[in-house]
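Student: Quick one, what's the 3D model for this:
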Amino acid sequence: MTVLTHKPANKLITTSSDLLPFIESLPDAIVIVNQEHRIVLVNTVAAVMFGHPVEALNGSDLTLLIPVPNRNSHSQSVEGYFRAPHSRPMGVEKRFSGLRADGTEVPVDIMINTIVLDGAEAAMAVVRDVSYQRALEERLTRESLTDGMTGFFNRRYFVAQLEAHHSDALRSGLPTSVMMFDFDHFKTINDQYGHAGGDTVLIDTATMIQRELRALDVACRIGGEEFAIILPNTQLNNAVAFAERIRKRIENMEFSSGDVTFHATITVGVASFTSTDTSYDSLMKRADKLLYAGKAAGRNCVIAQDSAIDSPLIA
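Tutor: Residues are numbered from 1 along each chain as shown. Alright, predicted model coming up:
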């Protein structure tokens, strides 16, 4: 009795010797892996991309090309793929990275198809270096969230971060404070020294503040001359001390416009999340009201919430 075996029509059935010239002609890296997670065939582009000789890749375990933190999950994905093979196109919303011989990572996109190579089922991955695209995406994302003049984050990012920190404060009880400030009589600065003079004030101030921030602090430009700084894990009294230090430094800074030098001052409102805050918005509004209370009190000052009335989450 003769038994006929049927191979699915969508599987490429070939031999290594027949396939090699084809994959060598392709512009993308090709990595073919068997069910034991071993690399059975690669092209020269793959060797160059990952920094290994072709001879070193062929026969190696696939983990050679996978960043260490991702190896377990990737191994499970490979096993799952062979249990239920399916075509995977480019552009699926997942971010992959390959590991080069020098230990650096290369951002990649991957297309996978099942083939029968030398009589055994294998997965053929077309691997594309997307370093440029990934860098462009990150730059565009960064630009959409930052202020082009000062380099600080914008209002959109400020709101998103403040909302996240409110959730953290409710869950962990750790204090989060916010200082909001703007420049006193900024219109007068623009009128007297031109918009270039006003821009200098904003840029020089941002540069100075950036040097004062911790890695976890979030500085934002939320309006024309209005700024906000989120101070995570910071008690109200420490936030007030930081705000006062910034206020004094700005007061002592000397700005220049052409041959003319001048000074500027700020008014600051400082608040912390309280146990009664039901959303990030209440803290934002409270800090903003404190800022305008400082304006009414004569400007060039720091006004903080009344801790006797608005007790912080962590005293």
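Student: Can you report how many residues lie near residue 67?
Tutor: Neighbourhood size, residue 67 [other Cβ atoms under 10 Å]: 17. In this view, the C-beta of every residue, glycine as well, is placed from N, C-alpha and C.
Student: With residue 13 instead?
Tutor: 12.
Student: So what touches the helix or strand hosting it?
Tutor: Using DSSP states H and E, residue 13 falls within strand 12-14. Outside of strand 12-14, the residues within contact range by Cβ atoms under 8 Å, 6 or more residues apart in numbering are 7, 19, 113, 115-117, 124.
Student: can you check stretch 296-308 too?
Tutor: 179, 184-185, 236, 239-240, 243-244, 247, 251, 265-272, 286-287, 290-291, 293-294.
Student: wouldn't residue 16 be in contact with residue 117 here?
Tutor: Yes: shown here, residue 16 and residue 117 form a contact pair, counting by Cβ atoms under 8 Å, at 6.3 Å.
Student: Between the two, which contacts overlap?
Tutor: 40-41.
Student: For the chain, which segments count as helices?
Tutor: 16-24, 44-50, 54-57, 71-83, 131-145, 155-172, 186-212, 236-252, 280-296 (DSSP state H).
Student: Mind putting these into CSV with distance to residue 94 and mean neighbour count?
Tutor: Formatted as CSV, those follow (distance: least, Cβ to Cβ, whole Å; neighbours: other Cβ atoms under 10 Å):
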stretch, distance to residue 94, mean neighbour count
helix 16-24, 23, 13
helix 44-50, 19, 19
helix 54-57, 23, 15
helix 71-83, 10, 13
helix 131-145, 13, 12
helix 155-172, 23, 17
helix 186-212, 34, 16
helix 236-252, 40, 18
helix 280-296, 31, 18
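Student: Identify whichever of those helices lies nearest to residue 98.
Tutor: Comparison of the helices of the chain against residue 98 by Cβ to Cβ identifies helix 44-50 as nearest, at 6.1 Å.
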